[in-house]
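Enquirer: Return a 3D structure for these sequence lines:
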Amino acid sequence: MWAVEEARQRNGQIRLVTAWRKPPLAWYAAVLETAAGEIVAEDSPQEAAEKLQADALKTTETAGVAATGQVVHSESPAGAILDAAKDADLVVVGFRGHGGFTGLHLGSVATQVITHAPCPVLVVRPKAA
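Expert: Residues are numbered from 1 along each chain as shown. Here you go, the predicted structure:
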């Protein structure tokens, strides 16, 4: 994780913000039938966000970097990140690309954060496979 290494080098702290929203017309907890006929329960967006947050906090703890976490329900993930960035020195966002336009060079959340953040923003893309 780029932010963890940067925080370690600068003796900094990390504030992890995981924003989630319920997709329109979604019913959770969803129970789905697989093609093989198995019945599986799908995590709600909140449960998925909480698991993601917990895993990220474990990563920072293992790396020896001070971190706090916040899981936020928001209709605007970019807005939640920008709210948390009001007193930040640097915002690091990932490049997820879950929108309907695959192949874009920059996602909508990253674009909004870059445009409106009160501090520098770094967008980290995954390594090419």
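
Enquirer: Report pLDDT for the residue of the chain positioned farthest from its centre.
Expert: In the chain, the greatest distance from the average C-alpha position (CA atoms, centre = their mean) is reached by residue 37, at 32.3 Å. Residue-level confidence at residue 37 comes out at 70, pLDDT.

Enquirer: On the three-state scheme, it is what?
Expert: Classification of residue 37 by DSSP: H, G, I helix; E, B strand; the rest coil places it in coil.

Enquirer: And it, how close does it get to residue 121?
Expert: As judged by CB to CB, to the nearest Å, residue 37 and residue 121 stand 46 Å apart. (Glycine included, C-beta is placed from N, CA and C.)

Enquirer: residue closest to the middle of this protein?
Expert: For the chain, the residue nearest the mean C-alpha position is residue 18 (4.6 Å; CA atoms, centre = their mean).

Enquirer: isn't there a helix covering it?
Expert: No - read with three-state DSSP, residue 18 is strand and lies in no helix.

Enquirer: That one and residue 49 touch, don't they?
Expert: Yes - with contacts counted by CB atoms under 8 Å, residue 18 reaches residue 49, the gap being 4.7 Å.

Enquirer: residues near residue 79, how many?
Expert: Neighbour count of residue 79, defined by other CB atoms under 10 Å: 16.
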